[in-house]
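*Asks:* Take a look and give me a structure for this.
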Amino acid sequence: MKDLITQMVCTISNEKCFIGECDKCPTESITDILTDNNMIDLDDECSWNLWKKVNNKFDLQQMSGSTDSLLTEIEERWSPFLLHTHINREQREYIKELRCQSTEKTFVVAQIDFSMNYTLVRQREVQQGFFSQHQVTLFTIHLTIGKEQRNLAVISDYMEHTTVFVHCVQKILTQFIKKNFPLVKKVNYVSDGACAHFKNNASILNLIHHKIDFDLDACWTFTATGHGKGAGDGIGVVLKSTARRVTRSKYILMSNAKDFYEFTQKQQLETARRSNKDIPGVHVFFLESDEVEEAKKSYLQARSEKLRATGTIQGIRSMYEFKPINNSTVQYSLTSQSTKIRTFTFK
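*Replies:* Sure, this is the predicted structure:
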């Protein structure tokens, strides 16, 4: 695949090569390269697998047709794929360098994500209990501060994965940073591009107000689509698997989010004590649903309604770096290292 890409562009470090704006790139199509010097009968029958959206769900479909049909499929999807490989490489290398540059006196890197909701299962529950199980929201944070690392988990009975919830988590996170790393001046958020709660205009509007809300500067770096896995996924697995193992092997009852939080916090502190460590492997916090609703009603809802008057960032889901420059304007770009910088003002 790397050989194909290098044959299609003149340099892998030039963004223009991947968005079709470079005049020096080869003019050969992907079909020309694949068929060049190869004895291929375009009428030969072949089969291939392709992810397709069927009834609003993506499924891996087995396709069949002529070689010419397969080459047409590749040609149609090659340009988006080429751009995706560029974004993935640029963001991966940038985030890696970010972590190396982080210090206790400058900025921290906070990789954040929702873990899959944890289902509270009771030992020896009746059959009908399966249809009335409760769930818990679990939000994970992996912090990099120079050579130090911290793991945080926010447990909540608020079941909506929204921008409002993320804002309330940011409040918990910034309080933790200011208490434990008081010289830090900025938070660089890293996450996938989930549009429901991360990469949307309301979230970027909150990012602009981050300094006012939490007294810390902030910017947001997004990973390429489908490449957002990180340490936070491990945090979620550890907490949920530990709770599941204990509830299945011992008569410990967890009926709600508060029970799950209290068990998890106690378990993390006990594990740290047995290991003679001063801090737990995961710092656990609880976020009340009432607190989320209060933040929404008191100021976040009004702030979001401001978008109707100011307009929105067009093509926001195609951008991967956002940096506020004042309390109303944000800079954004295709990748974190793009030279083409755009700005948008929420008036």
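
*Asks:* And stretch 299-315, what's buried?
*Replies:* The neighbour-count check on stretch 299-315 (16 or more other C-beta atoms under 10 Å) flags 300, 303, 304, 307, 313 as buried. Every C-beta, even on glycine, is put in place using the N, C-alpha and C of the backbone.

*Asks:* now do stretch 141-152
*Replies:* By neighbour count with 16+ other C-beta under 10 Å, stretch 141-152 contains the buried residues 141, 142, 143, 144, 145, 146, 150, 151, 152.

*Asks:* the strands in the protein, which residues?
*Replies:* For the chain, the strands defined by DSSP state E cover 45-54, 57-66, 107-120, 134-145, 148-156, 186-191, 217-222, 283-287, 321-324, 329-333, 342-345.

*Asks:* what lines up beside the last one in the sheet?
*Replies:* In the sheet containing strand 342-345, its partner strands are strand 329-333 (antiparallel), by DSSP bridges.

*Asks:* do the fifth one as well
*Replies:* Strands flanking strand 148-156 in the sheet, each with its direction: strand 134-145 (antiparallel), strand 283-287 (parallel) (DSSP bridges).

*Asks:* Any chance of the ones you listed in JSON lines with mean pLDDT and distance to residue 329 as columns?
*Replies:* Output for the strands paired with strand 148-156, formatted as JSON lines (pLDDT from 0 to 100; distance: least, C-beta to C-beta, whole Å):
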{"stretch": "strand 134-145", "mean pLDDT": "97", "distance to residue 329": "27"}
{"stretch": "strand 283-287", "mean pLDDT": "98", "distance to residue 329": "30"}
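
*Asks:* between those strands, which gets nearest to residue 182?
*Replies:* Nearest to residue 182 among the strands paired with strand 148-156 is strand 134-145 (11.6 Å), distances taken as C-beta to C-beta.

*Asks:* Output the strands of the chain in CSV; the columns should cover distance to residue 29.
*Replies:* Output for those, formatted as CSV (distance: least, C-beta to C-beta, whole Å):
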stretch, distance to residue 29
strand 45-54, 19
strand 57-66, 18
strand 107-120, 38
strand 134-145, 42
strand 148-156, 46
strand 186-191, 35
strand 217-222, 30
strand 283-287, 52
strand 321-324, 31
strand 329-333, 28
strand 342-345, 30
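
*Asks:* Could you say which one of these comes nearest to residue 91?
*Replies:* Closest to residue 91 of the strands of the chain, according to C-beta to C-beta: strand 217-222, at 7.0 Å.

*Asks:* For the closest one, which residues meet the burial criterion?
*Replies:* 218, 219, 220, 221, 222.

*Asks:* tell me the domain ranges of the chain?
*Replies:* If you go by automatic domain parsing, the domain ranges for the chain are 2-90, 104-345.

*Asks:* which one of the strands paired with strand 148-156 lies closest to residue 19?
*Replies:* In terms of C-beta to C-beta, the element of these nearest to residue 19 is strand 134-145, at 30.6 Å.

*Asks:* What angle do strand 186-191 and the closest one make with each other?
*Replies:* Put simply, strand 134-145 runs at 130 degrees to strand 186-191, going by axes from the mean of the first three to the mean of the last three C-alpha atoms, to 10 degrees.

*Asks:* Check which helices and strands the lengthiest helix in the chain sits against.
*Replies:* Identified as the longest helix of the chain according to DSSP state H is helix 67-101. Counting by 3 or more C-beta pairs under 8 Å, 6 or more residues apart in numbering; DSSP states H and E, the packing neighbours recorded for helix 67-101 are helix 2-8, helix 15-18, helix 30-35, strand 45-54, strand 107-120, strand 186-191, strand 217-222.
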